[in-house]
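[1] Sharing a sequence plus its predicted fold:
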Amino acid sequence: MINLSYKDIFAAFKLPGNEDSCLMLQKDEMLFSFGIDSLNSKGFAVYPFDDTQEKSIFIKADESYYNEEFCFYPENYSNRLKESREDYLQNAELFIDEVKSNFKKLVLSRTKSIKTDPGNIYELFKILGSKYPNAFVFLVNHPVTGTWAGASPEILLSGNNGAAKTIALAGTQLIMEGSPILWSNKEIEEQDIVMNYIENTLNQANIEFSSTGPYNKIAAKYDTSNLIHIATEYFFRPGEKAFELLMEMHPTPAVCGLPKKQAFNFITHNEKNRRKYYSGFVGPINHIMPGEFHFYVNLRCMEIFKDEFVLYIGGGINNGSEKEKEWEETENKAKTMETAIKEYSEKIKPPSI
């Protein structure tokens, strides 16, 4: 058992479909930024949605442990202002009106706070890993970022031995087991926007690619239902262009909108929620083999405090959007983290006398 304090710099993670976990621990207090040189080092990247507001971070893997239990208790208390349903609906109305005249798509996010008792966050990490085996599960702690955990279904860019892939992911439905999966025109349009963006980006970089999909991807399983997205995977060899491609793809239309630059500016000026590291990207570099990297969009994530979990959730806005349905979609997406938090709270609850 490794005992970690809130002052320690570390990243724990599990790759999708992999039962093994890895803990990367930085031994000194040096602050490193993520950049092109980071691809030659062993460590973990934490990149924000807006790098003019938050710093990009590289956690250097001075020590790595595999399948090692650890103990970690956060120390910081939350001071976030709570967001109401009315606040979100008002913001959604603004975004919907803007899409009708100026954008193909915008993405609106919100937060949802859940009070908690202090406990060992390693238990939450274990629960996320067991409940969401097909997601990238992570827990990071750094003096710049604070403590974050998540179970992301979306690859931004993943590479190994020169081969790489990315994924277009859009649409969200909570479907009862055995029920038919039907996608609306709004959801199909969302997927087309992300697919077109990825294909144009690869074409402009003169990178040949192949693809699989669209198909229905199960992001999370619950007792009687599944959380499902539309997915298309792309396969290619980026060569020397891996870092350039990564920075060009972030943020994707799945978390930002189109036209990308204008959508990004509109979001940063009009979204009531400050995203911080939500909808940025996270992932390990060279953790097993040289030249291996796995960057995931930071979705289905939470900021962790001693007294509270702050969930970050978003949804795509286009011409077919209705504000009440957008609220419902964010509530469905929040279930991924809420289910894990409920199980965690039961796990750490002291026995009744």
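    Sure thing, it's come through.
[2] Tell me the secondary structure at residue 17.
    The three-state assignment at residue 17 reads coil, by DSSP: H, G, I helix; E, B strand; the rest coil.
[3] counting contacts, what elements does the helix or strand hosting residue 128 pack onto?
    Using DSSP states H and E, residue 128 sits within helix 121-131. Using 3 or more CB pairs under 8 Å, 6 or more residues apart in numbering; DSSP states H and E, the elements in contact with helix 121-131 are strand 9-14, strand 70-72, strand 136-142, strand 146-152, helix 323-348. For every residue, glycine as well, the C-beta is placed using N, CA and C.
[4] What strands line up against the third one, and which way round?
    What that stands for is strand 136-142. Pairing partners of strand 136-142, with direction, according to DSSP bridges: strand 9-14 (antiparallel), strand 146-152 (antiparallel).
[5] and residue 80, which of these is closest to it?
    Smallest distance to residue 80 across these (CB to CB): 11.3 Å, for strand 146-152.
[6] Output the contacting helices and strands for the following helix or strand past that closest one.
    Per DSSP H and E, the first helix or strand lying C-terminal to strand 146-152 is strand 155-160. Contact partners of strand 155-160 among helices and strands, from 3+ CB pairs under 8 Å, 6+ apart: strand 163-176, helix 242-249, strand 281-285, strand 293-297.
[7] what's strand 155-160 in contact with?
    136, 164-167, 238, 242, 245-246, 249-250, 252, 281, 283, 289, 291-297 (CB atoms under 8 Å, 6 or more residues apart in numbering).
[8] Check the residues you listed for burial and list the buried ones.
    136, 164-167, 238, 242, 245-246, 249-250, 252, 281, 283, 293-297 (16 or more other CB atoms under 10 Å).
[9] pLDDT below threshold where in this structure?
    Along the chain, the model assigns pLDDT under 70 to residues 350-353.
[10] please redo it, this time with the cut-off set to 80
    Applying pLDDT under 80 to the chain picks out residues 80-81, 171-172, 218-224, 227, 350-353.
[11] burial of residue 63, as a residue count?
    12 (other CB atoms under 10 Å).
[12] wait, what's in contact with it?
    Residue 63 touches 24, 25, 27, counting by CB under 8 Å, 6+ apart.
[13] quick check, nearest of these to residue 117?
    residue 25 (26.3 Å).
[14] and the angle from the helix holding residue 128 to strand 9-14?
    20 degrees (axes from the mean of the first three to the mean of the last three CA atoms, to 10 degrees).
[15] Please report phi then psi for residue 135.
    phi -110, psi 160 (degrees, to the nearest 10).
[16] Where do the helices of the stretch 1-150 of the chain begin and end?
    85-101, 121-131 (DSSP state H, counting those that start in this stretch).
[17] Dump the strands paired with strand 136-142 into CSV; add mean neighbour count and distance to residue 315 as well.
    What follows is these, written out as CSV (neighbours: other CB atoms under 10 Å; distance: least, CB to CB, whole Å):
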stretch, mean neighbour count, distance to residue 315
strand 9-14, 24, 26
strand 146-152, 24, 16
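[18] Next, format these as JSON lines and append distance to residue 68.
    Below are the strands paired with strand 136-142 laid out as JSON lines (distance: least, CB to CB, whole Å):
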{"stretch": "strand 9-14", "distance to residue 68": "9"}
{"stretch": "strand 146-152", "distance to residue 68": "17"}
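[19] Compare the ones you listed and give me the one nearest residue 178.
    Using CB to CB, the strands paired with strand 136-142 put strand 146-152 closest to residue 178, at 24.2 Å.
[20] how big is the angle separating the closest one from strand 293-297?
    90 degrees.
[21] CA atoms only: put strand 146-152 into PDB for me.
    Provided in PDB are the C-alpha atoms of strand 146-152 (Å, rounded to 0.1, in the frame of the first residue of the first chain):
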ATOM      1  CA  GLY A 146      -6.200  20.000  -8.100                       C
ATOM      2  CA  THR A 147      -7.700  16.500  -8.000                       C
ATOM      3  CA  TRP A 148      -9.600  15.100 -11.000                       C
ATOM      4  CA  ALA A 149     -11.100  11.700 -11.800                       C
ATOM      5  CA  GLY A 150     -13.000  10.400 -14.800                       C
ATOM      6  CA  ALA A 151     -14.000   7.600 -17.100                       C
ATOM      7  CA  SER A 152     -13.700   8.900 -20.700                       C
END
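[22] List the contacts of it.
    For strand 146-152, using CB under 8 Å, 6+ apart, the contacting residues are 6, 46, 74, 76, 121, 124-125, 128, 131-132, 135-141, 220, 277, 282, 296-305, 336-337, 340.
[23] List only buried entries from the residues you listed.
    46, 74, 121, 124-125, 128, 131-132, 135-141, 220, 277, 282, 296-305, 336-337, 340.
[24] Would you mind giving the helices and strands packed on strand 155-160 as a markdown table with distance to residue 88 added?
    Output for the helices and strands packed on strand 155-160, formatted as a markdown table (distance: least, CB to CB, whole Å):
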| stretch | distance to residue 88 |
| --- | --- |
| strand 163-176 | 16 |
| helix 242-249 | 28 |
| strand 281-285 | 24 |
| strand 293-297 | 21 |
